[in-house]
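Colleague: Quick check, what structure comes out for this input:
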Amino acid sequence: MPPATPAPQSPGPALELLVHGVGGATPQEMLDDPSTVRITGDATAAIYRRADDREAEQHPERYRDRPIAEAYCWSNLTSGNGSRALWLLLLPFMVVNLAHWMRPTARSRTRAVRLYGVLVRLLALSLTVLLTAAVCEVALDLAAWQCAGVPDCSNQRSWLGFLSTAQGGWWSQPGRRLALAALVPTALVVLLWFLSNRTWSAYESQRPLAGSEPEDDTLIEPVAEPGGRPALGRPGFWYGRRLVARLRAAHTAAGFLTVAASVAGAAARHDRAVTGPVPDLVGRLIEAALAAGALVVLWVVCRRGRSERRLDNRLDRALITYLPGAALALLLLAAVYASWSRPDWTSSGTLPGDFAFSAIALGQGALVVVLAAVALSLYRRTPEPRTVMYGLGGPVVAMLACALGGVMSGGVSQRVADWLDGPGTPGMGRSSVIEGPPVLLSWQASVIPVLLVLLAVPALLLLVRTWLAARALEPGIDQEYEQERPDPARTRQIARIRATAALTDSAPWILGPVCAAALLLGAGAVVGAWVSGEVPGLAMKGSGPFVESLAQAAQSTGSWMIGLGFILFVTWGRRAYRDASARRTIGILWDVGTFWPRAAHPFAPPCYAERAVPDLASRMSGWTALTRGRLVISGHSQGSVLAASAVWQLPAGTRRRVALLTYGSPIERLYGRWFPAYFGPVPLGALHRSVHCWRNLWRATDPIGGRVRLDEGPGPEVDRGPLKDPLVYGRTPEHPLPEAVLGHSDYQADPVFAQERAALLDRLDPVLPHQADGAGDTGSPRPQGSSGRSSG
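Modeller: Numbers count the residues shown, from 1 in each chain. I've put the predicted structure just below:
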């Protein structure tokens with residue numbers, strides 16, 4: 001917690017701290033000056049000024065009519081060097097981490113909140129197991145067990161020659177092939193551990209400044225109490241070191257145990273079936289040790305949530321050291337056990353991947369259903385009308401994460417199987433040399449075309465509704481711009497942009513039904529795979545020509561689509577590694593998805609806000625304490641969310657010296673609806689009452705930003721808008737060329753921006769009367785120009 005700021009005795013200088021939004025911006029763009037200098041920070045995130053303003057505090061007479069402008073640049077936190085391309089592998093982990101923060105508002109429901117957190121963490125753990133199992137399927141089953149065990153396949157792959165049974169070498173025994181192939185999924189688990197540990201060291205390891213807030217040893221999930229300190233204002237909210245370390249150890253151990261089970265399971269089944277050189281007791285003991293390790297992992301994941309009420313610097317060193325180490329030792333033991341000579345052992349058929357993938361799918365479905373029940377009970381206890389899908393946003397997004405994980409897993413398995421089988425079609429028995437991936441993956445791929453057809457229905461309805469809404473807006477636009485002879489094409493353009501921008505609010509009603517359908521169809525795929533034991537094209541034989549052709553079309557189309565998706569995914573990652581502009585596009589996705597700390601999945605991309613929020617809070621508190629001046633923190637788009645979060649972290653005395661200016665802000669439209677426990681009406685109302693003054697600018701043409709909806713109290717309203725966009729309807733002597741519709745960008749181009757910033761600074765003047773809730777001077781603002789731009 002930054003130290004509180006002493007009450008100033010004079011107005012002092014004024015500072016505008018600019019925070020850019022999604023996509024990032026350079027300091028030169030933000031400050032509208034080619035010459036800038038870094039004031040504080042490093043190459044990852046820093047605060048800049050114009051070169052002429054470097055010693056601004058020493059010359060206050062130069063800044064009587066304008067504030068000092070500073071720009072906080074944080075874009076390198078999400079789109080830096082080429083290694084960011086690897087973050088694409090972590091997309092399902094990022095999505096399930098979002099589900100943790102989407103819980104409905106809860107008041108005095110500590111047990112339900114804890115249960116919600118446990119369920120999301122278990123879903124996150126299942127995704128780690130799923131990804132590891134998918135790589136085991138490719139390396140162990142398809143390559144080492146099936147292809148290397150069939151001469152017709154291994155002879156066509158020279159790199160598999162030394163594993164081939166036709167060679168009769170030392171590595172040709174199935175157990176040794178499996179032990180060697182286990183290096184691939186083991187390397188993946190080590191890579192995920194490395195990325196998580198490295199990003200923690202680079203992004204989230206910066207400790208916030210210590211303050212005088214009393215520490216509270218209560219370790220519970222966050223429950224926002226009316227009138228209490230909002231969750232985002234708690235000292236430990238942006239420093240989750242202990243939980244991330246525990247979860248990293250548990251997920252790493254889970255990955256190693258999954259690989260060990262794949263290797264040892266095949267050998268143990270062989271030893272139980274025949275009398276050989278290795279007693280079956282050895283396999284049973286290893287399987288028992290693996291089961292005990294799995295129970296320990298579950299205990300670690302379920303035992304402890306986030307500790308936010310204090311800055312928790314402790315680490316469970318024994319756990320984070322010995323748990324992954326013990327799992328790795330079990331993996332090595334399993335590899336040695338499988339490698340023991342068994343001359344009569346031959347590989348045939350497939351490894352039991354159907355059971356493993358079916359168990360994971362059923363477990364994920366059951367967890368999603370229970371999570372939905374818990375979320376719905378929380379919402380019914382404290383209903384908030386603006387919350388999406390009656391509080392079911394978290395379960396829906398968790399289901400989306402599971403679907404993404406399934407698509408990635410099925411995609412890589414299907415493509416590798418097609419590649420290894422050459423002209424054959426795995427699973428269809430037509431000139432196939434290998435059995436192919438588990439039947440369940442083919443059933444899951446067949447679901448994709450059905451989902452797309454179902455998605456087309458609400459998409460078409462939204463398209464029609466948008467067209468009708470645009471037609472209804474046209475008369476109002478002509479009246480707004482007071483056009484005697486309106487241009488129909490120009491009017492239609494503005495109306496279409498406004499109607500399209502409103503589609504953001506309709507996203508839940510597309511995502512919800514599609515995810516519900518995915519849950520039901522996924523359950524049907526599991527049942528179909530279990531009952532038939534065959535791919536859909538064969539399972540439906542004898543059901544009539546129409547059904548047979550439909551099943552074969554769904555299977556082939558789904559397999560093609562899932563493979564194409566995987567190829568596009570890899571291609572995008574390769575391009576992002578080489579191309580900075582593509583990396584910046586990926587960074588925009590991470591700007592939204594990685595705002596939240598890693599509370600559910602430790603392998604999710606790093607949380608940039610755990611660096612950015614303490615940076616901003618420390619700068620605001622430090623500058624106001626040193627200068628006793630006035631400060632406006634000016635945030636655009638995602639930068640407004642960072643700005644509000646940083647203001648929450650300030651002591652009450654400092655918050656009364658700070659004004660908040662947001663524009664193009666998703667703080668209520670997206671965050672308030674999807675994350676109501678943290679940005680709902682109660683937390684935003686508390687922020688409104690605690691900050692001296694707050695102004696929010698919005699446009700009807702903005703698809704991201706919107707109103708804050710806190711127009712209450714005796715002071716000026718928070719929202720001002722909708723701002724006119726475009727500023728000019730047609731050609732005029734002052735604007736001879738048509739003005740662009742700005743939408744989400746360039747709010748500083750509107751004269752209202754400079755007026756509102758000046759009014760905020762006037763209301764911060766301690767010479768004038770003010771109240772804690774933001775009431776102050778309501779006189780005319782002094783005119784002044786924009787001090788900079790918050791985003792490019």
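
Colleague: Give me the helix or strand of this structure that scores worst on average pLDDT.
Modeller: The helix or strand of the chain with the lowest confidence, counting by mean pLDDT, DSSP states H and E, is helix 580-593 at a mean of 61.

Colleague: Go through the following helix or strand past it and flag the buried ones.
Modeller: Moving toward the C-terminus from helix 580-593, the next helix or strand (DSSP states H and E) is helix 609-627. Judged by neighbour count (16 or more other C-beta atoms under 10 Å), helix 609-627 contains these buried residues: 609-625, 627. All C-beta atoms are positioned from the backbone trio N, CA, C, and that covers glycine.

Colleague: Show me what the helix or strand just after helix 609-627 is packed up against.
Modeller: Once the chain leaves helix 609-627, the next helix or strand it forms, by DSSP H and E, is strand 630-636. Judged by 3 or more C-beta pairs under 8 Å, 6 or more residues apart in numbering; DSSP states H and E, strand 630-636 is in contact with strand 14-19, helix 609-627, helix 638-648, strand 658-663, helix 751-764.

Colleague: one more time with 6 Å
Modeller: Counting contacts by 3 or more C-beta pairs under 6 Å, 6 or more residues apart in numbering; DSSP states H and E, strand 630-636 packs against strand 14-19, strand 658-663, helix 751-764.

Colleague: In its sheet, which strands sit next to the second one, and in what direction?
Modeller: Just to be clear, that refers to strand 658-663. strand 630-636 (parallel), strand 693-699 (parallel) (DSSP bridges).

Colleague: Run through who's touching it.
Modeller: 620, 631-636, 640, 647, 691-697, 747, 757, 760, 764 (C-beta atoms under 6 Å, 6 or more residues apart in numbering).

Colleague: roughly how far out does it sit from the chain middle?
Modeller: Relative to its chain's centre, strand 658-663 lies at 26 Å (C-alpha atoms, centre = their mean, to the nearest Å).

Colleague: next one: stretch 152-161
Modeller: Per C-alpha atoms, centre = their mean, the displacement of stretch 152-161 from the mean C-alpha position of its chain is 41 Å.

Colleague: buried sites along that stretch?
Modeller: Buried, per 16+ other C-beta under 10 Å, within stretch 152-161: 153-154, 157, 160.

Colleague: Distance to residue 445, secondary structure and pLDDT added to those, as a markdown table?
Modeller: Converted to a markdown table, those look like this (distance: C-beta to C-beta, whole Å; DSSP: H, G, I helix; E, B strand; the rest coil; pLDDT from 0 to 100):
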| residue | distance to residue 445 | secondary structure | pLDDT |
| --- | --- | --- | --- |
| 153 | 22 | helix | 80 |
| 154 | 26 | helix | 75 |
| 157 | 24 | coil | 76 |
| 160 | 26 | helix | 75 |
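
Colleague: any weak-confidence spans in the stretch 301-450 of the chain?
Modeller: Applying pLDDT under 70 to the stretch 301-450 of the chain flags residues 308-314, 422-431.

Colleague: now with 80?
Modeller: For the stretch 301-450 of the chain, the stretches with pLDDT under 80 are 304-317, 348-349, 353-354, 418, 421-434, 436.

Colleague: What's opposite residue 40 in the beta bridge?
Modeller: Note on residue 40: beta-bridge partners by DSSP bridges are residue 47.

Colleague: In space, not sequence, find me the middle residue of this structure.
Modeller: Residue closest to the mean C-alpha point of the chain, counted by C-alpha atoms, centre = their mean, is residue 593 at 2.9 Å.

Colleague: Please name the residues that touch that residue.
Modeller: Residue 593 neighbours (C-beta under 6 Å, 6+ apart): residue 94.

Colleague: for the one 10 residues further on, same thing?
Modeller: With contact set as C-beta under 6 Å, 6+ apart, residue 603 has these partners: 90, 93, 192, 196.

Colleague: so how far is residue 56 from it?
Modeller: According to C-beta to C-beta, to the nearest Å, residue 603 and residue 56 sit 44 Å apart.

Colleague: Check residue 537 too.
Modeller: To residue 56, residue 537 is 72 Å away according to C-beta to C-beta.

Colleague: didn't residue 247 look like it was pressed against residue 602?
Modeller: Yes: Residue 247 lies in contact with residue 602 (C-beta atoms under 6 Å); the separation is 4.0 Å.

Colleague: Show me the beta-bridge partners of the closest residue to residue 764 other than its chain neighbours.
Modeller: Once flanking residues are discounted, residue 764 sits nearest to residue 630: 4.1 Å by C-beta to C-beta, 6 or more residues apart in numbering. Following DSSP bridges, residue 630 is listed with bridge partners residue 14.

Colleague: Could you measure from residue 630 over to residue 366?
Modeller: Taken as C-beta to C-beta, the span from residue 630 to residue 366 is 55 Å.

Colleague: all strands for the stretch 1-150 of the chain, in order.
Modeller: All strands of the stretch 1-150 of the chain, identified by DSSP state E, counting those that start in this stretch, fall at 14-19, 36-41, 46-50, 68-73.

Colleague: Please identify which of these is closest to residue 738.
Modeller: Smallest distance to residue 738 across the strands of the stretch 1-150 of the chain (C-beta to C-beta): 28.8 Å, for strand 14-19.

Colleague: contacts for that closest one?
Modeller: Under C-beta under 6 Å, 6+ apart, the answer for strand 14-19 is 30, 67-72, 623, 630-635, 639, 642-643, 761, 787-788, 790.

Colleague: same thing with stretch 698-708?
Modeller: Stretch 698-708 is contacted by residues 497-498, 501, 504, 664-666, 668-669, 696, 718-719, 721-723, 725, 741, 743-744 when judged by C-beta under 6 Å, 6+ apart.

Colleague: How far does that stretch sit from its chain's centre?
Modeller: With C-alpha atoms, centre = their mean, you get 22 Å for stretch 698-708.

Colleague: start to end distance for it?
Modeller: One end of stretch 698-708 sits 9 Å from the other (C-alpha to C-alpha, to the nearest Å).

Colleague: try stretch 540-548
Modeller: End-to-end for stretch 540-548, by C-alpha to C-alpha: 5 Å.

Colleague: Report the buried residues of it.
Modeller: Going by 16+ other C-beta under 10 Å, stretch 540-548 has these buried residues: 540, 548.

Colleague: repeat for stretch 452-471
Modeller: For stretch 452-471, the neighbour count (16+ other C-beta under 10 Å) marks 454, 458, 466, 469-470 as buried.

Colleague: Now go through those residues and say which are in helices.
Modeller: The helices, defined by DSSP state H, take in 454, 458, 466, 469-470 from the buried residues of stretch 452-471.

Colleague: right, and residue 386 touches residue 674 too?
Modeller: No: using C-beta under 6 Å as the test, residue 386 is too far from residue 674 to be in contact (10.0 Å).

Colleague: What's the local residue count around residue 488?
Modeller: For residue 488, the count of nearby residues is 9 (other C-beta atoms under 10 Å).

Colleague: where does it land on pLDDT?
Modeller: Note for residue 488: predicted pLDDT of 90.

Colleague: Could you report the distance from it to residue 479?
Modeller: The value you get for residue 488 to residue 479, if C-beta to C-beta is used, is 15 Å.

Colleague: what does residue 741 give?
Modeller: From residue 741 to residue 479 the distance is 18 Å (C-beta to C-beta).

Colleague: okay, those two: which has more neighbours?
Modeller: Comparing residue 741 with residue 479 by neighbour count (other C-beta under 10 Å), the higher total belongs to residue 741, at 17 against 10.

Colleague: ok, now which ones touch that one?
Modeller: 497, 701, 725-726.

Colleague: Next, format those residues as a markdown table and append neighbour count.
Modeller: Listed next are the contacts of residue 741 as a markdown table, based on neighbours: other C-beta atoms under 10 Å:
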| residue | neighbour count |
| --- | --- |
| 497 | 21 |
| 701 | 23 |
| 725 | 23 |
| 726 | 19 |
